[in-house]
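S.K.: Mind looking at a prediction? Sequence and model below.
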Amino acid sequence: SSGINAEYGHKSWEEILFSCRKLRLEILQCDTLEGSIDRLDAISNNICLLADLCGLLSSYHKSPITSQASKQIYHQVISFVEDLNTDTDLYLKVKDLQHSTEKVSVNNEVQHATQMFLDEFEKSGANLNDLNKVDLIRASEAICVAGDAFIEGCVSPEVISAANCPTPLLHLIKGNPHFHIYDYDYANSHYDDVREAGWKLHHRYNQSREENLLKLINHRHHVATLSGHESHCHRELKGSVAKCPANILNFLSELNHQLKDPVAQEINELNKAKRSREAVGIWDVSYYASKLRSKHCETYNIFQSCLDVKSTINGLDNLSQILFEVELIPYSFEGLVWEDNIVKYCVKSSHGGVLGFIYMDLFQRPGKDNQVCMHTIQCGTLSQIPIVALICNFPPNDRIQMSDAQLLFHEYGHALHAILGRTRYQHVSGTRCSTDFAEVPSLLLETLICHSGVMQSVFGGSGEGHFRVPNISLSDCYSATETQIQLYYAMIDQLLHMSPHNDSRDVSVAAEEKYLGTFNIPKTTAWHQRFSHLYFYGGRYYSYLWSQSIVNMVLDRHNLKEGLLYSPDIKEFFSQGGSKDSTYLIESLLGGPLNIDEMVSALVKPLKAFQSN
């Protein structure tokens, strides 16, 4: 513990433990709400500095020894966090101080942070009697075990013998008596029968995955009811923009209704592109939608052929300078290095002053997790400079696809949300807010670069020669059916987490018929059993569509589709993190209250506009 932390300039775990216990005693003796929240946040900051660092190093450090040591420290930290979150004395002290200051003027940021801390205490059962608290802790541990097993099942291959292998997949066997089928073995095949056979095999019903999913769902429901909530969804949505499951179901149902015509028209186009007696299957959508985008947009392939990591990072810098008046500057460094080819950037205000730092670990290497994400290393506050890391898996030849660039801009949106955050408390800084709010900044940047006017500002003139940007909005081009698929995922996530279940197929089959009725999905498959976000975003997967609708409204209200302009309102929006009510911040940016009909229209209108041109 001491060695790792000394290497990276942090306190040892022993020092942090001593400091946190001292702060806890001070809180119990504190007589002001503000003083208690200041100390709670100091505890949170001490813990997060170590936990975030160890989480990063355990996943990505090149040394197995350092990786394993980081993992051990991380588990110790998490165990201590669980003790704090269930600390009834701490909870009651803060609750009493909140009650005693109801008639006294208290800073709004203090009030908001207080409620967030109390909500977390109650989620963890600090307000329960000892018997129920022990029950909740055990159920929470069971959720982690079931979740890990479920994820393992999601990513595991299907094992097939030569004797039972579908004919279209025999070429993959290559003489092996048993072969492991992964999604990348078939998903992008140019042959329809290979994609179909591969999808059906990879998504066939699996009893082990079913059992792990049911354990996960039912333990979550038990924890939710123990902590006083109607369901896991109700528990997860406390403090969110959506507020309650009813609003989400209303949003998704109306979106399903409004998508019927655009999806029908698009599937007709996909069927023409397939040129087969067999109708387009769920396994065909991504493949043929991509082909139609390339065919429809004459400059799309030229643009992609010029796209590389360097030009994309230049694009990040161009967007930052125009929209936020900040710039990315390469920065030489020592210290925090977990791999040899990491680069570091200083984020500076165009008016002077360091805002934060971003490490970029962008390329594939053996043993590296295959994910794209943003890791917080140090949260930003009024007195603490934020540090984050962007993790990608780009090929070593530097060439990337537009979809890769979109992923990098998405994660850079999270990074800027963290970098620009300047809040009093680190516990509510940057992305530490509700998921349906945190995805707005990331989706904003991802969506912006799909519009031709913005792409010219971001990519024009960079790369090998000058880019010819596509003459269409890529986010709206042949995207209706993929939006419908995302709706299905969001809906099944809600339905599975609204109550306990004995068989998840009852829910999935009904949802497929209602929301994906266009496709003849075989009853022998269980598509949702490989949907890993049921664990990572349980009850919150709707956030992507919900946030995308808000992003589309922001683009219209601030006239950003045709080209970038400096936007102090958007910069201010990024800077608030979770320090204020999320709904208030969004409605302030939009200039009016959120309305379900307007949100649905914001998603569907661009799809229809593309089809009408």
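M.R.: Now that the structure is in, tell me what you want to look at. Every value quoted in this text rests on a predicted model; they were computed, and no experiment measured them.

S.K.: helix, strand or coil for the residue lying closest to Val343 once chain neighbours are set aside?
M.R.: Nearest residue to Val343 in three dimensions, chain neighbours excluded: Met360, at 5.1 Å (C-beta to C-beta, 6 or more residues apart in numbering). The C-beta positions use only the backbone N, C-alpha and C, and glycine is treated the same way. Three-state call for Met360 (DSSP: H, G, I helix; E, B strand; the rest coil): strand.

S.K.: what's around Met360, how many residues?
M.R.: Met360 sits with 23 neighbouring residues when counted by other C-beta atoms under 10 Å.

S.K.: wait, what's in contact with it?
M.R.: Residues near Met360 by C-beta atoms under 8 Å, 6 or more residues apart in numbering: Ile313, Ile342, Val343, Lys344, Tyr345, Ala389, Leu390, Cys392.

S.K.: in the sheet, who's paired with it?
M.R.: Val343, Leu390 (DSSP bridges).

S.K.: Leu443: what's it in contact with?
M.R.: His410, Gly413, Tyr544, Ser547, Gln548, Val551.

S.K.: What score does the fifth one have for pLDDT?
M.R.: The confidence metric pLDDT takes the value 97 at Gln548.

S.K.: hmm, back to that, give me the buried subset of the contacts of Met360.
M.R.: Ile313, Ile342, Lys344, Tyr345, Ala389, Leu390, Cys392 (16 or more other C-beta atoms under 10 Å).

S.K.: Lowest-confidence entry in those?
M.R.: Pick the lowest pLDDT in those and you get Ile342, at 91.

S.K.: out of everything not next to it in sequence, what's closest to it?
M.R.: Here the residue nearest Ile342, using C-beta to C-beta, 6+ apart, is Asp361, at 5.1 Å.

S.K.: neighbours of that neighbour, just the number please.
M.R.: Using other C-beta under 10 Å, Asp361 has 19 other residues around it.

S.K.: Looking at the contacts of Leu443, spot the one nearest Trp283.
M.R.: Checking these against Trp283 by C-beta to C-beta gives Tyr544 as the nearest, at 21.7 Å.

S.K.: Distance of the closest one relative to Asp493?
M.R.: From Tyr544 across to Asp493, the span is 11 Å (C-beta to C-beta, to the nearest Å).

S.K.: how about the residue nearest the centre of the chain, phi and psi?
M.R.: Taking C-alpha atoms, centre = their mean, the centroid of the chain lies closest to Glu439, which sits 6.8 Å from it. Note on Glu439: its backbone torsions stand at phi -80, psi -10 [degrees, to the nearest 10].

S.K.: Quickly note the distance from it to Lys238.
M.R.: Taking C-beta to C-beta as the measure, Glu439 falls 17 Å from Lys238.

S.K.: and what of Cys20?
M.R.: As judged by C-beta to C-beta, Cys20 and Lys238 stand 26 Å apart.

S.K.: Same check on Asp476?
M.R.: 34 Å.

S.K.: Those two - which one has more neighbours?
M.R.: Ranked by neighbour count (other C-beta under 10 Å), Asp476 and Lys238 place Asp476 first, with 21 against 15.

S.K.: Can you give me the pLDDT of the more buried one?
M.R.: In this model, Asp476 is scored at 81, pLDDT.

S.K.: Check Ile160 too.
M.R.: Note for Ile160: predicted pLDDT of 86.

S.K.: so is it in a helix, a strand, or just coil?
M.R.: strand.

S.K.: Do you have the helices of the stretch 501-613 of the chain handy? List them.
M.R.: Along the stretch 501-613 of the chain, counting by DSSP state H, counting those that start in this stretch, helices occupy 504-515, 533-536, 543-557, 568-575, 582-590, 596-612.

S.K.: which of these is buried the deepest?
M.R.: helix 543-557 (a mean of 22; mean count of other C-beta atoms under 10 Å).

S.K.: the inter-axis angle of it versus helix 568-575?
M.R.: Per axes from the mean of the first three to the mean of the last three C-alpha atoms, to 10 degrees, the angle that helix 543-557 makes with helix 568-575 is 160 degrees.

S.K.: now what about helix 543-557, what contacts it?
M.R.: With C-beta under 8 Å, 6+ apart as the test, helix 543-557 has contacts from 241-242, 248, 251-252, 255, 435-440, 443-444, 447-448, 451, 483, 486-487, 490, 537, 560-561, 570, 586, 589-591, 594, 598-600, 602-603, 605-606.
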